[in-house]
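**Student:** Everything below, folded, please.
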Amino acid sequence: MRTRIHARLVAATLFVALAAAAVWAANSSRAAAANRAAPARMANVLSQDQQSSAAQCDRTCLEGMIDKYLTAMAAHDPSRAPLSPNVQYAQDNVRLKIGEALWATTSGLGTYRHYFADPERGDVACICVVYENGTGAILIVRLKVANHLITEAEQFVAHDPRGAALYEKMGKPDPRWLEPIPADQRETREALEQAAYMYLEGLQLNDGRGVYAFTPDCQRTEDAVKTTNQPSEQNYGHADENVGDFVTMNCTDQYKLGFLGFTTGVRDRRFLVVDVERGAVLASSYLDFDGTVTEVHLTDGRVWKVPPYFMTPRTNIANEAYRVEKGSISRIEMTMYEIPFNMRPAFGR
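**Tutor:** Below is the predicted model:
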């Protein structure tokens, strides 16, 4: 079934590209209405029986599945989770057997949990904190649920103790994430996917000349670190003081600066969970830095020398959530870490 779903998404890419400017510029109610009426060309199509099975598990049920899964993993006891006999499991893009990897090393669970649920399709995911032999880590886990059984479990582990500690200090997600979108203002699944797609499109070879749809109060965090609208300059990732003002900018101005132009590819874009009720998308993509971009000409006239880290081919996996309101992104929650260059996902979507 997933192969057919992926084929439909790939086949729809040309349509999305042609409609991109209109969708990404959807800042007005007219554009939002257009998004809601967009044809369902990117929709994943389930059989009637599958839809019925998925519908048996509502948001509370799906979030409970995450909790049961995590509890079983921390106990190193798969029998405590409602796993399908043929459950498919992967960690960090590698197919494994339940009981391996984090199932063997988890020593405790944190309190931070940010859920994403799609009862219609039986998809649920969580950004959360776990402890691996006593050391904090950020876990992104996605489950597929059918007939109250977990049929797929895909997880990504960012070994970032500082980020895990910051998440624990936060305790819970920004309340904005959890607010249901009024029923008459909700975007279609396809419009939410398109908004996420175009965010990633703007990141790839970012030149600052695109149309970037963010709300005026848009906020982004990366591994629980606030990276927008900061009161003072600071280093950004592998950057240096020459772009220390990047974190003082809002989401729109950051994209318009063109600083992210050293990202040479954003591929294998997948929508892990589309949460229509909350206007949220949890996406996964692979950011390639092929080493050919040695300097970036920013739109304000500065020339930034790309750090040595990006002078050799590298790939980072980005698991990134977006809150979309009337066609514009208001919240971004990202976790990113390095994986082998040109690696591919274990599950296709």
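**Student:** who's the spatially closest residue to residue 144 that is not a sequence neighbour bridged to?
**Tutor:** In space, residue 144 comes closest to residue 152 once its chain neighbours are excluded; the distance is 3.8 Å by CB to CB, 6 or more residues apart in numbering. For glycine as for every other residue, the C-beta is placed from the backbone atoms N, C-alpha and C. Per DSSP bridges, the residues bridged to residue 152 are residue 88, residue 144.
**Student:** what's the average pLDDT for the helix or strand where residue 266 lies?
**Tutor:** Per DSSP states H and E: residue 266 is located in strand 265-275. On average, the pLDDT along strand 265-275 is 97.
**Student:** Neighbouring strands - and their directions - for that strand?
**Tutor:** strand 280-289 (antiparallel).
**Student:** Contacts only, for residue 246.
**Tutor:** Residue 246 sits next to 227, 236, 239, 254, 257, 259 when contact means CB atoms under 8 Å, 6 or more residues apart in numbering.
**Student:** So which of these wins on neighbours?
**Tutor:** If you count neighbours using other CB atoms under 10 Å, the busiest of the contacts of residue 246 is residue 254, which has 24 neighbours.
**Student:** so where do the strands sit in the stretch 101-250 of the chain?
**Tutor:** 106-118, 123-132, 135-146, 149-158, 214-222, 225-226 (DSSP state E, counting those that start in this stretch).
**Student:** Show me the chain divided up by domain.
**Tutor:** By the assignment in automatic domain parsing, the chain contains the domains 2-37+181-339, 48-172.
**Student:** Tell me the gap between the first one and the middle of its chain.
**Tutor:** Relative to the centre of its chain, domain 2-37+181-339 is centred 10 Å away, using CA atoms, centre = their mean, to the nearest Å.
**Student:** for the last one, same thing?
**Tutor:** The chain centroid and the centroid of domain 48-172 are separated by 15 Å under CA atoms, centre = their mean.
**Student:** what about the residue nearest to residue 179 when sequence neighbours are not counted, neighbour count?
**Tutor:** Distances taken as CB to CB, 6+ apart put residue 278 closest to residue 179, at 7.1 Å, once the chain neighbours are dropped. By the criterion of other CB under 10 Å, residue 278 has 19 neighbours.
**Student:** now do residue 192
**Tutor:** 25.
**Student:** right, and it touches residue 282 too?
**Tutor:** No - between residue 192 and residue 282 there is no contact under CB atoms under 8 Å: 10.7 Å.
**Student:** picking that back up, and the domains of the chain, which one is worst for confidence?
**Tutor:** Mean pLDDT values for those show the minimum at domain 2-37+181-339, a mean of 84.
**Student:** returning to that earlier point: in which helix or strand would I find the residue nearest to residue 179?
**Tutor:** According to DSSP H and E, residue 278 maps onto no helix or strand at all.
**Student:** hang on, the earlier thing: list the contacts for the residue nearest to residue 144?
**Tutor:** Each residue near residue 152 by CB under 8 Å, 6+ apart is listed here: 87, 88, 89, 142, 143, 144, 347.
**Student:** if I look at it, how far off is residue 166?
**Tutor:** 29 Å (CB to CB, to the nearest Å).
**Student:** just residue 279 next, same as before
**Tutor:** Relative to residue 166, and taking CB to CB, residue 279 is found at 25 Å.
**Student:** And these two? Which one has more around it.
**Tutor:** The residue with more neighbours, out of residue 279 and residue 166, is residue 279; 26 against 19, by other CB under 10 Å.
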